[in-house]
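Chemist: pasting the sequence and the predicted coordinates here, then a few questions.
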Amino acid sequence: MRRGWCPSLHAPMQTHDGWLVRVTPDLEGLGPEQLAFLAKYAARFGNGRMTLTSRGNLQLRGLDEVSARDFPQLAAARGLGLADPAAESRRRILFVSPLAGKDSSCAPETLPLARALEAALISFPPLWRPPEKFSLAVDGGGHVPVGALRADIALRHDRGTWRLCHGPSSDLLQPHELICATVALLKRLTARIGMPRALHLAPPFIAEVPPLMGQFLPGCHGVKAVLGEVSAASCAGMARAGISARLTPWRGLILDQPFEAPDLMHDPADPRRLAEACAGQGGCARGQALTQRDALSLVPDLGGRTLHVSGCPKGCAVRDTRDVTLVAQKDGYDLIWYGTTADRPVESGLGVEDVRRRLRQSRHEGRTPP
């Protein structure tokens, strides 16, 4: 089994519950007809749900091999990617501030720069391929603070200037210089073999991303998907209402009008937004527990703390620190306070009720767990 790669439109992935296909939407999001197509395909050929990823992509799961192989051509015909696999592999590394063109405080050059960069990527030589998991962002700041978009290469607007950021380095450039400089940097980087990812060397983002829930700007109605999943029924409902949607890098949607559904959270105080979980047992061959069920069952006992429930030590759903991290093993959960799946657990072999008691005890005693 090949590891360390990401599925894409033209490279579906076989998983424990069938085939998975991934869509990278247009920089300006999904229109009603595209939402209707995705909803119909997920309901007819998949498991009836769509997963929002931390890169602003969308995944359909549970397909058979034939429907997974048919999907790219059908999706590309509806503007959900490019028909040419090589060009699509380059286009999909790019993402942009989710409020570009909607937020007056986001740099007005953001979307035009992203479009120009997209065109440059598509026109790269046919044999050029980006490194696996590589990312490129155009970050115009504004309501979503500059630096919130994490990428190996980032074009960032801060205090009236644009910078080209790569790992710990950044260069101050004029807007008309950014595209050529970015293209040159991309070509230099891909000529190197075995270099560590710049994203892992970059300074951490220390500000906070606003919740982007409810109406926070004119024409911007934010929702977050419970555990990062939207049902085909909810997606079809948005399409019938004539809604357009942008995906955020935080497993959310920015809708152009309000929409209610059981699996979409509008209220920043909704405690379900604190929980994150991978597909878990039944959805992944490595999953050792029903992670999503367990995560939701623990929500009432979180007391404002964030929770990550992972079906194995790989930690696909979340890379960053959470207040409570559970890692499923064959004999139960490892419990990690204020860490990641890579950290050493304070206890092992716990059942869900054991974890619940630990959460309640720490809240009752008003103490910080070790």
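Modeler: Arrived safely. All figures in this text were calculated on a predicted structure; none of them were measured in a lab.

Chemist: give me the element Trp156 is part of.
Modeler: For residue 156 the amino acid is Arg, not Trp. Using DSSP states H and E, the element containing Arg156 is strand 153-158.

Chemist: please apply the same query to His308.
Modeler: Going by DSSP H and E, His308 is in strand 307-310.

Chemist: quick one: Leu35 is in a helix?
Modeler: Yes - when classified by DSSP: H, G, I helix; E, B strand; the rest coil, Leu35 is found to be part of a helix.

Chemist: gap between the nearest residue to it once chain neighbours are set aside and Gln215?
Modeler: Sequence neighbours aside, Ala239 is the residue nearest to Leu35 in space, at 4.0 Å (criterion: Cβ to Cβ, 6 or more residues apart in numbering). For every residue, glycine as well, the C-beta is placed using N, CA and C. From Ala239 across to Gln215, the span is 21 Å (Cβ to Cβ, to the nearest Å).

Chemist: what's the answer for Leu290, then?
Modeler: 35 Å.

Chemist: ok, now Pro168?
Modeler: 38 Å.

Chemist: show me which residues of the helix or strand Leu326 falls within are buried.
Modeler: Per DSSP H and E: Leu326 is located in strand 322-329. Across strand 322-329, burial judged by 16 or more other Cβ atoms under 10 Å covers Arg322, Asp323, Val324, Thr325, Leu326, Val327, Ala328, Gln329.

Chemist: who does the fifth one form a beta bridge with?
Modeler: In other words, Leu326. Beta-bridge partners recorded for Leu326 (DSSP bridges): Val309, Leu335.

Chemist: ok, it touching Arg356?
Modeler: No - when contacts are counted by Cβ atoms under 8 Å, Leu326 is not listed as touching Arg356 (11.2 Å).

Chemist: for the stretch 151-300 of the chain, just list every one of the helices.
Modeler: 175-189, 198-201, 232-240, 291-298 (DSSP state H, counting those that start in this stretch).

Chemist: show me where the stretch 251-370 of the chain dips below the pLDDT cut-off.
Modeler: Across the stretch 251-370 of the chain, the ranges flagged by pLDDT under 70 are 364-370.

Chemist: centroid residue for the chain?
Modeler: Ser54 (1.4 Å; Cα atoms, centre = their mean).

Chemist: show me the contacts for that one.
Modeler: Pro249, Trp250, Arg251 (Cβ atoms under 8 Å, 6 or more residues apart in numbering).

Chemist: how about a cut-off of 10 Å?
Modeler: Neighbour list for Ser54: Arg150, Gly228, Thr248, Pro249, Trp250, Arg251, Glu276, Cys316, Ala317, Val318, Arg319, Asp320 [criterion: Cβ atoms under 10 Å, 6 or more residues apart in numbering].

Chemist: what do you get for Thr291?
Modeler: Thr291 sits next to 227, 275-284, 308-312, 317, 326-328, 333 when contact means Cβ under 10 Å, 6+ apart.

Chemist: okay, Leu136 and Pro175: tell me how far apart.
Modeler: Taking Cβ to Cβ, one finds Leu136 at 16 Å from Pro175.

Chemist: these two: who's more crowded?
Modeler: Leu136 (24 against 15; other Cβ atoms under 10 Å).

Chemist: surely the more buried one touches Ile153?
Modeler: Yes - at 4.9 Å, Leu136 and Ile153 qualify as touching, with contact defined as Cβ atoms under 10 Å.

Chemist: which residues do these two both contact?
Modeler: Ile93, Leu94, Leu117, Thr182, Leu185, Leu186.

Chemist: any chance of CSV for these, columns neighbour count, distance to Leu35 and pLDDT?
Modeler: Shown next, in CSV, are those (neighbours: other Cβ atoms under 10 Å; distance: Cβ to Cβ, whole Å; pLDDT from 0 to 100):
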residue, neighbour count, distance to Leu35, pLDDT
Ile93, 22, 24, 93
Leu94, 22, 22, 96
Leu117, 24, 26, 97
Thr182, 23, 31, 95
Leu185, 18, 35, 91
Leu186, 24, 32, 89
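
Chemist: quick one: these as JSON lines, columns for distance to Val209 too.
Modeler: Below are these laid out as JSON lines (distance: Cβ to Cβ, whole Å):
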{"residue": "Ile93", "distance to Val209": "21"}
{"residue": "Leu94", "distance to Val209": "20"}
{"residue": "Leu117", "distance to Val209": "23"}
{"residue": "Thr182", "distance to Val209": "24"}
{"residue": "Leu185", "distance to Val209": "26"}
{"residue": "Leu186", "distance to Val209": "26"}
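
Chemist: what about the strands in the stretch 51-200 of the chain?
Modeler: For the stretch 51-200 of the chain, the strands defined by DSSP state E, counting those that start in this stretch cover 58-63, 94-96, 136-139, 153-158, 161-166, 169-173.

Chemist: now, of the contacts of Thr291, which are buried?
Modeler: Applying 16+ other Cβ under 10 Å to the contacts of Thr291 flags 227, 275-281, 283-284, 308-312, 317, 326-328, 333 as buried.

Chemist: so what's Leu30 closest to, chain neighbours aside?
Modeler: In space, Leu30 is closest to Ala245, 5.1 Å off (Cβ to Cβ, 6+ apart).

Chemist: what sits opposite the one you found in the beta ladder?
Modeler: Leu30, Leu255.

Chemist: how close does it sit to Gly31?
Modeler: The value you get for Ala245 to Gly31, if Cβ to Cβ is used, is 9 Å.

Chemist: likewise Gly303?
Modeler: Distance check for Gly303 against Gly31: by Cβ to Cβ, it reads 40 Å.
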